[in-house]
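A.B. asks: This is a predicted model, with the sequence first.
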Amino acid sequence: MGVTIKMRTGTSLIQIRGLSKVFQSSSGDVHVLEDINLDIKQGEIFGIIGMSGAGKSTLVRCLNFLEKPTQGTVFFDNQDLSALSLKELYKIRQSMGMIFQQFNLLMQRSVLRNVCFPLEIAGIKKKEAEERAYELLKLVGLSDKAHAYPSQLSGGQKQRVAIARALANNPKVILCDEATSALDPATTQGVLALLKDINNRLGITIVIITHEMSVVEEVCQRVAIIDNKRIAEVGYVKDIFTKPTTDAARRLVFPEGKRVEHFTGNRCCRIVFDGSSSFEPVIANMVLEFRQTVNIIFADTKNIDGKAFGQIVIQLPEDKLMGEKMMAYLRNRGLTVEEVHDFV
Amino acid sequence: MFDPVVVKMLALGFLESLYMTLISSVLAYVIGLPLGIILVVTDNGGIKPAPGLNRVLGSIINLLRSVPFLILLITVIPITRAIVGTSIGPTATIVPLVIGASPFIARLVETSLKEVDKGVIEAAQSMGASNFEIIYKVMLPEARPSLILGAAFSVTTILGYSALTGFVGGGGLGDIAIRYGYYRYQTDIMLITVVLLVIIVQVFQEIGMRIAKLSDKRK
């Protein structure tokens, strides 16, 4: 698989500077991106996440100038893409692979010749190109499908072919535009694992555009959250997961959007487990029963011989009636329940 | 009726019809294919939008398409004389056939090429393919089955046009049908020419559909 050059991690491969994109339509200008600034480092897997319509697909197309920014620019490998001639742009695109949600394979070409396609564009001789294509198909685990046509492959296999194709010209980066959104969860896992492996083994930078937090969580080191045309937050995935600082980030981390922001009720109740009840998930069952959340303030329980001992203090919902119902429910389960005030 | 003279005449007419149709089809594609490509490429969502050129070209094509073929046939006689030296006979007929068929071939090609998935074109762009490479490495090969079906349709339509040129002495089966069948009431000869025309249409259509199906790797 050629010689792997150990990348200097930490230096920026892609720098986005003051980038804005405006589309002209019959009903006036549509601002899609506003003042985007980002640095994507060499060798990292970088996620760009946002709700649909946030402008992330346009942003990834600005990275290889499939869409020309209205303002600002992109530096790739220290070259200002806006300063390049068309020919130079074609050349530099050969060092940027891209994969798509709908795979975008050439349907009339065999798998092998699909992988050969970018090599043809780069002017590589046919024999050499085919050798390289076989090598790449081996890398993505599809050697046996070289002479099949895309229509004979499953979604996951098609995306593997697309990855092989994206790797053909030894790119410095692979741009993934919703690459797993058309795949089922198991296939998504496989494709993500492959991308991770490619990043690990070949040191290729990967930029992943997605609307799924699970994808970012799975493979990305850093992530930018794009919301309402702008970058809302950039940082390490684990930081954004544990302490999202913007609403956009919170919406993505808690996708149901039902997170209770203010739990102002200060009615609490203490539930005492004295061994007379079986060790069932009583709180969880209650929450399911009433479809109303409670806040566990304190808990110290033990399972001794299948019986529950200890106590739990929960904060009841604001609704007084609901609180009464919950306490009644708990008493019915044979628990000792007492209301406590000013616990919080 | 099956005396050697009539048979020879019908055989000659058959060959003339094939000759006119095939040469006209090839020449009409030489003009129509690039025009169709230009229509798609310069379209708003195309790989090199040029609204002005697109509109002008589209209007010219529509104009030529709306002229009834029989009128076109007579109108272009001076052009035919200038190019071929005569306005009668199969070779002269090729001129109006090409002029009449090129615009609709341009539209057929346009329709076929527009079926090509935009995403695939975008993928090729992302790999650094030039517009020229996208045309001949992506658009044309990806549209191949549809282009072949279009070609079969074009050939049979041109054959129909060529039969019409019999009215102005164009030669071929149409000429025979009009001179013997229509003017002399020799219905049997007319019937034979029609049967021969039907056979040619069937054969070309069938061949076109089979090649298109064989070359389509989507299923």
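C.D. replies: Cool, got the structure.
A.B. asks: so residue A:233 touches residue A:224, yeah?
C.D. replies: Yes - at 7.3 Å, residue A:233 counts as touching residue A:224 under the criterion of Cβ atoms under 8 Å. For glycine as for every other residue, the C-beta is placed from the backbone atoms N, C-alpha and C.
A.B. asks: ok, the two, which is more surrounded?
C.D. replies: residue A:224 (26 against 20; other Cβ atoms under 10 Å in any protein chain shown).
A.B. asks: Assumed the more buried one was part of a strand.
C.D. replies: Yes - inclusion of residue A:224 in a strand is indicated when DSSP: H, G, I helix; E, B strand; the rest coil is applied.
A.B. asks: gap between it and chain B?
C.D. replies: Distance from residue A:224 to chain B, counting by Cβ to the nearest Cβ, to the nearest Å: 21 Å.
A.B. asks: does that residue really touch residue A:54, like I thought?
C.D. replies: No - the pair residue A:224 / residue A:54 is not scored as a contact, 10.9 Å apart, by Cβ under 8 Å.
A.B. asks: Which helix or strand lies directly C-terminal to the strand or helix carrying residue B:96?
C.D. replies: Assigned by DSSP states H and E, residue B:96 belongs to helix B:90-114. Remark: after helix B:90-114, the chain's next helix or strand is helix B:118-126, criterion DSSP H and E.
A.B. asks: May I see the buried residues of that next one?
C.D. replies: For helix B:118-126, burial by neighbour count (16 or more other Cβ atoms under 10 Å in any protein chain shown) applies to B:120-126.
A.B. asks: What of stretch B:168-177?
C.D. replies: Buried-residue list, stretch B:168-177, by 16+ other Cβ under 10 Å: B:168, B:170-177.
A.B. asks: now do stretch A:294-304
C.D. replies: A:294, A:301.
A.B. asks: Would you mind writing the CA trace of that stretch as PDB?
C.D. replies: Provided in PDB are the C-alpha atoms of stretch A:294-304 (Å, rounded to 0.1, in the frame of the first residue of the first chain):
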ATOM      1  CA  VAL A 294     -38.300  12.900  38.400                       C
ATOM      2  CA  ASN A 295     -34.900  14.000  39.500                       C
ATOM      3  CA  ILE A 296     -32.900  11.600  41.700                       C
ATOM      4  CA  ILE A 297     -31.200  13.800  44.300                       C
ATOM      5  CA  PHE A 298     -29.700  11.100  46.400                       C
ATOM      6  CA  ALA A 299     -29.600   7.400  46.200                       C
ATOM      7  CA  ASP A 300     -28.000   4.700  48.300                       C
ATOM      8  CA  THR A 301     -29.500   1.300  47.800                       C
ATOM      9  CA  LYS A 302     -28.200  -2.300  47.900                       C
ATOM     10  CA  ASN A 303     -29.500  -5.500  46.600                       C
ATOM     11  CA  ILE A 304     -29.300  -8.100  49.300                       C
END
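A.B. asks: Now do the strands in the stretch 151-300 of chain A.
C.D. replies: In the stretch 151-300 of chain A, the strands defined using DSSP state E, counting those that start in this stretch lie at A:173-177, A:205-210, A:222-227, A:230-236, A:267-278, A:295-304.
A.B. asks: So which residues make contact with the fifth one?
C.D. replies: Outside of strand A:267-278, the residues within contact range by Cβ atoms under 8 Å, 6 or more residues apart in numbering or on different chains are A:282-283, A:297, A:301, A:304, A:306-316, A:320, A:323, A:326-327, A:330, A:333-341, A:343-344.
A.B. asks: Filter those down to just the buried residues.
C.D. replies: Counted by 16+ other Cβ under 10 Å, the contacts of strand A:267-278 give A:282-283, A:301, A:308-309, A:311-316, A:323, A:326-327, A:330, A:333, A:335, A:337 as buried.
A.B. asks: Take these and keep only those in helices.
C.D. replies: A:282-283, A:323, A:326-327, A:330 (DSSP state H).
A.B. asks: Out of those, name the two that are farthest from one another.
C.D. replies: Using Cβ to Cβ, the two most remote members of these are A:282 and A:323, lying 16.1 Å apart.
A.B. asks: Tell me, how many residues neighbour the one residue in the stretch 151-300 of chain A that gets nearest to chain B?
C.D. replies: Residue of the stretch 151-300 of chain A nearest chain B, by Cβ to the nearest Cβ: residue A:151 (4.9 Å). Neighbour count for residue A:151, taken as other Cβ under 10 Å: 13.
A.B. asks: Do you have the helices of the chain handy? List them.
C.D. replies: In the absence of a named chain, chain A is used. A:56-63, A:86-93, A:111-121, A:126-139, A:155-167, A:185-202, A:213-219, A:237-242, A:247-253, A:282-290, A:320-332.
A.B. asks: Please refer instead to chain B.
C.D. replies: B:4-41, B:51-66, B:69-75, B:77-84, B:90-114, B:118-126, B:131-133, B:140-142, B:144-164, B:172-176, B:187-215.
A.B. asks: between these, which gets nearest to residue A:18?
C.D. replies: With respect to residue A:18, and counting by Cβ to Cβ, the nearest of those is helix B:118-126 at 23.5 Å.
A.B. asks: so the closest one versus helix A:56-63, what angle?
C.D. replies: 30 degrees (axes from the mean of the first three to the mean of the last three Cα atoms, to 10 degrees).
A.B. asks: Quick check: residues of the stretch 151-300 of chain A near chain B?
C.D. replies: Applying Cβ under 8 Å from any Cβ of the partner chain, we find that the stretch 151-300 of chain A lies next to chain B at A:151, A:162, A:165, A:169, A:175.
A.B. asks: what's the spacing between the fourth one and residue A:13?
C.D. replies: So that's residue A:169. 16 Å (Cβ to Cβ, to the nearest Å).
A.B. asks: more crowded one of the two?
C.D. replies: residue A:13 (23 against 20).
A.B. asks: And that one, what's its pLDDT?
C.D. replies: Residue A:13 is assigned a pLDDT of 95 by the prediction.
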